[in-house]
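A.B. asks: Prediction below, plus the sequence it came from.
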Amino acid sequence: MNVEWIKVYIAAFFEVFWVIGLKHAESFWPWTGTVIAIVISFYLMIMAGRKLPVGTVYAVFVGMGTAGTVLADIVLFGEPLQLPKILLIAVLLAGVIGLKLITDDHSEKGVES
């Protein structure tokens, strides 16, 4: 697995935390954690975008972050589990996986093989 894709996955993981933090943070430490998660998330996404196609990086980042946030809402905050919601997440993830599979990791100029 390409190290740059691992950066995208970790960035999406932290995206889930900062999105949840934006909704639930009410004091200094939760807001501090939210800001740290934002910085880590965007830093890793930007670093990966320097070597991978930016459009694909962004689509994978947002898709995984969206799916993770919806699942976190269900698991952590008691959001109702609805079949249409799960099916739509599956379609979203299928698109993200498809984009990742058809993307040439070395398609950007200046990327060494």
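C.D. replies: On my side now, so go ahead.

A.B. asks: all helices of the chain, in order?
C.D. replies: For the chain, helices defined by DSSP state H occupy the ranges 3-24, 28-49, 54-77, 83-102.

A.B. asks: could these be laid out in a markdown table, adding mean pLDDT and mean neighbour count?
C.D. replies: For the C-beta atoms, the positions are set from N, CA and C on the backbone; glycine is no exception. Listed next are the helices of the chain as a markdown table, based on pLDDT from 0 to 100; neighbours: other CB atoms under 10 Å:
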| stretch | mean pLDDT | mean neighbour count |
| --- | --- | --- |
| helix 3-24 | 95 | 18 |
| helix 28-49 | 96 | 16 |
| helix 54-77 | 92 | 17 |
| helix 83-102 | 91 | 13 |
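
A.B. asks: Stretch 86-97: how far from the chain's middle?
C.D. replies: 13 Å (CA atoms, centre = their mean, to the nearest Å).

A.B. asks: if we look at that stretch, which residues are touching it?
C.D. replies: 59-60, 63-64, 66-67, 70-71 (CB atoms under 8 Å, 6 or more residues apart in numbering).

A.B. asks: Now render those residues as JSON lines, adding distance to Gly21.
C.D. replies: Shown next, in JSON lines, are the contacts of stretch 86-97 (distance: CB to CB, whole Å):
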{"residue": "Ala59", "distance to Gly21": "23"}
{"residue": "Val60", "distance to Gly21": "22"}
{"residue": "Gly63", "distance to Gly21": "20"}
{"residue": "Met64", "distance to Gly21": "17"}
{"residue": "Thr66", "distance to Gly21": "16"}
{"residue": "Ala67", "distance to Gly21": "18"}
{"residue": "Val70", "distance to Gly21": "16"}
{"residue": "Leu71", "distance to Gly21": "16"}
